[in-house]
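Undergrad: no sequence on this one, just coordinates:
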């Protein structure tokens, strides 16, 4: 671009972590301004902004070509939500730019500030909201493990809802866990920790958690029995595993409610299920 940058992005996004671009809608990034005062860019009456930044230096698959058009061509344009300001640092949620990407402009975005206006959610986002409204109130205990936490948006919700608990999130990439930590700091949430780990080999002692959550995660796995065995190892006899799985979305193997019941029962759990729209909410307790 020929414009002069006014700052740069600070986050933990790189080409590997950005492959799961949808998760970054819930992540916080910092725009560090060089010489511009944030007061010149931000206005009290606006909650959302357009940030113009360098494009991603990558290509998504053809089925994600809309992402390529928006973020991987000549420029990147993100619609973001203002979180807070700290000196020359502006904290935004939903910035689709890699770490150190130059920023060329920050402008108010008015459409979402109408009381009647909302972000247009995708089908899976609607399903996740429906199921989480039911599932999250069941998450309790003094120690909680969120397995497959992604960028930690649900982990942070659990921490807010259980302020006296210690909530731990795990996922595979350390870079993603660093982003989770930044998200927690941005929202001033202190009762969380994040660790890069595999659900197949969790780096915790037996019975370390009162509750383990696996939300929209298990259907991605090649070895569900091994994952459930590790989840079972994490909880005492009084503990529980909570899971939510879609019924019309899979990665090669179509599973119905009875298939999920069989998986959990074979792993040594007694199971209760509740169908919520096109998903199943599972509460599993050790036999």
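TA: Sure thing, it's come through. For clarity, every value in this text was computed on a predicted model and none was experimentally measured. Residues are numbered from 1 along each chain as shown.
Undergrad: What are the boundaries of the strands in the stretch 101-250 of the chain?
TA: 102-108, 143-147, 166-171, 192-196, 211-215, 240-246 (DSSP state E, counting those that start in this stretch).
Undergrad: want to try TSV for those, with distance to residue 15, mean neighbour count and mean pLDDT as columns?
TA: C-beta: built from backbone N, CA, C; applies to glycine. Below are these laid out as TSV (distance: least, CB to CB, whole Å; neighbours: other CB atoms under 10 Å; pLDDT from 0 to 100):
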stretch	distance to residue 15	mean neighbour count	mean pLDDT
strand 102-108	17	18	96
strand 143-147	25	26	98
strand 166-171	17	25	98
strand 192-196	17	19	98
strand 211-215	26	26	98
strand 240-246	27	23	97
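Undergrad: and residue 137, which of these is closest to it?
TA: Nearest to residue 137 among those is strand 240-246; the distance by CB to CB comes to 10.5 Å.
Undergrad: who touches the closest one?
TA: Here strand 240-246 makes contact (CB atoms under 8 Å, 6 or more residues apart in numbering) with 124, 127, 131-132, 135, 138-139, 210-219, 228, 231-232, 235, 255, 260, 264, 269, 276, 278-285.
Undergrad: and these, which are buried?
TA: 127, 131-132, 135, 139, 210-219, 228, 231-232, 235, 255, 260, 264, 269, 276, 279-285 (16 or more other CB atoms under 10 Å).
Undergrad: Toward the C-terminus, what is the element adjacent to the helix or strand of the chain with the lowest mean pLDDT?
TA: Lowest on mean pLDDT, DSSP states H and E among the helices and strands of the chain sits helix 65-71, with a mean of 83. Where DSSP states H and E defines the elements, the next helix or strand beyond helix 65-71 is strand 76-86.
Undergrad: Distance from the chain centre to stretch 52-69, please.
TA: The chain centroid and the centroid of stretch 52-69 are separated by 20 Å, computed with CA atoms, centre = their mean, to the nearest Å.
Undergrad: sorry, that was for stretch 193-209
TA: 18 Å.
Undergrad: and it, how far apart are its ends?
TA: Start and end residues of stretch 193-209 are separated by 13 Å (CA to CA, to the nearest Å).
Undergrad: hmm, back to that, same list, the strands of the stretch 101-250 of the chain, but as TSV with distance to residue 18 please.
TA: Output for those, formatted as TSV (distance: least, CB to CB, whole Å):
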stretch	distance to residue 18
strand 102-108	17
strand 143-147	21
strand 166-171	15
strand 192-196	17
strand 211-215	22
strand 240-246	23
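Undergrad: helix/strand/coil for residue 29?
TA: strand (DSSP: H, G, I helix; E, B strand; the rest coil).
Undergrad: Quickly list what it is bridged to.
TA: residue 92 (DSSP bridges).
Undergrad: Numbering from 40 from now on, please.
TA: Sure thing, new numbering starts at 40, so read that last one as residue 68.
Undergrad: burial measure for it, as a count.
TA: 32 (other CB atoms under 10 Å).
Undergrad: and the closest residue to residue 60 other than its chain neighbours, how far is that from residue 131?
TA: In space, and not counting its chain neighbours, residue 60 is closest to residue 106: 5.6 Å by CB to CB, 6 or more residues apart in numbering. Separation of residue 106 from residue 131 (CB to CB, to the nearest Å): 19 Å.
Undergrad: which one of the two has more residues nearby?
TA: Neighbours per residue (other CB under 10 Å) separate residue 106 from residue 131, with residue 131 holding more: 25 against 18.
Undergrad: isn't that one right up against residue 70?
TA: Yes: counting by CB atoms under 8 Å, residue 70 is a contact partner of residue 131 at 6.3 Å.
Undergrad: which neighbours do those two share?
TA: Common neighbours of residue 131 and residue 70 (CB under 8 Å, 6+ apart) are residue 90.
Undergrad: if we can go back for a sec, which secondary structure elements does the least confident helix or strand of the chain contact?
TA: In terms of contacts (3 or more CB pairs under 8 Å, 6 or more residues apart in numbering; DSSP states H and E), helix 104-110 is packed against strand 115-125.
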